[in-house]
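1. From the sequence below, what's the structure:
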Amino acid sequence: MNVGVCKVTPRLPENHSLKGKRRVVSSLCSRVRNKFNVAVSEVGDNEAWQVTTIGITCVSNSGRIAEQILDGVISYIESSPEDIELLDSQVEAISGF
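-> Here you go, the predicted model:
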């Protein structure tokens with residue numbers, strides 16, 4: 001079993017409140033979850049208005065496939081129709097469970 005883990009740090013430059021941020025992050029997480037069948041959650045920068053950290057994970061029988069899925073998620077977030085600027089992303093495949 002292989003587990004793919006990803007951490008992305010998007011910036012929301014047009015956002016001016018926590019309420020607006022929650023709307024955008026919730027929508028993004030739902031769309032990613034539904035499109036890629038991965039677990040996704042906001043994991044950091046909860047009180048910042050324009051920056052957030054999102055954790056994404058998936059399970060696969062191949063580390064390469066897990067990385068491909070997470071790379072697809074990153075590309076999807078970058079091409080999001082909402083005004084999102086991706087500041088950082090890290091992907092790691094963990095095998096041997």
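
2. going forward, measure contacts and count neighbours with C-alpha atoms only.
-> Will do.

3. hey, what's residue 95 bridged with?
-> With DSSP bridges as the criterion, residue 95 is bridged to residue 2.

4. For it, which residues are in contact?
-> With contact set as C-alpha atoms under 8 Å, 6 or more residues apart in numbering, residue 95 has these partners: 1, 2, 3, 63.

5. how about the nearest residue to the first one, chain neighbours excluded?
-> I take that to be residue 1. residue 61 (5.0 Å; C-alpha to C-alpha, 6 or more residues apart in numbering).

6. And the one you found, how far from residue 46?
-> To residue 46, residue 61 is 33 Å away according to C-alpha to C-alpha, to the nearest Å.

7. do the same with residue 63
-> Distance from residue 63 to residue 46, by C-alpha to C-alpha: 30 Å.

8. who's more crowded, the two?
-> More crowded of residue 63 and residue 46, by other C-alpha atoms under 10 Å: residue 63, with 19 against 13.
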